[in-house]
Each structure stands twice: as structure tokens, then as C-alpha cells.
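In: How does the following fold in three dimensions:
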Amino acid sequence: MLLDEPFQGLDQMNIRKSKALIDTILKENHTMVFITHFDHEIPSCVNKRIILSN
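Out: The predicted structure is shown next:
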């Protein structure tokens, strides 16, 4: 699954719901690519990161 800035434009309640859904999906051993500019948006269940910089 590829998620590119999935929380952009969501209110706090829907961000929490989305994070809970992502946690559920990843607990089922699915692979996800999560793209964001903000570290605080990365769900706690994410166990590997690649950081790109100039």
C-alpha cells in the first residue's frame, strides 16, 4: 500500500481514526510505504524509515 501525505486536510479526529486503521493494517503483516514531510505524522507502528534529503 502506498500512502502519500495521507493526513493532509484531515481534522484531528479523522487523523486519529486513520492512524488506528493504519495500525490495524500493519499488524496484519502488510507492507506500506508512508510518505510525509512531518515526523509527527508517522504512525508509531512504523518500524523502518528512509529519510531523503538534498
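
In: Test my guess that Ile22 contacts Glu41.
Out: No. With contact defined as Cβ atoms under 8 Å, Ile22 does not reach Glu41; the gap is 10.5 Å. To be clear about C-beta, it is placed using only N, CA and C from the backbone, and glycine gets the same treatment.

In: Neighbour count: those two, which is higher?
Out: Set Ile22 next to Glu41 and count neighbours by other Cβ atoms under 10 Å: Ile22 wins out with 22 against 16.

In: Which secondary structure element is home to the more buried one?
Out: helix 12-27 (DSSP states H and E).

In: Identify all contacting residues around that helix.
Out: The contact list for helix 12-27 (Cβ atoms under 8 Å, 6 or more residues apart in numbering) reads Met1, Leu3, Pro6, Phe7, Leu10, Met32, Phe34, Glu41, Pro43, Ser44, Cys45, Val46.

In: Give me the secondary structure label for the third one.
Out: If I follow you right, that is Pro6. At Pro6, secondary structure determined by DSSP: H, G, I helix; E, B strand; the rest coil is coil.

In: Tell me where the chain is predicted with low confidence.
Out: Of all residues in the chain, none has pLDDT under 70.

In: buried stuff in stretch 43-51?
Out: For stretch 43-51, the neighbour count (16 or more other Cβ atoms under 10 Å) marks Pro43 as buried.
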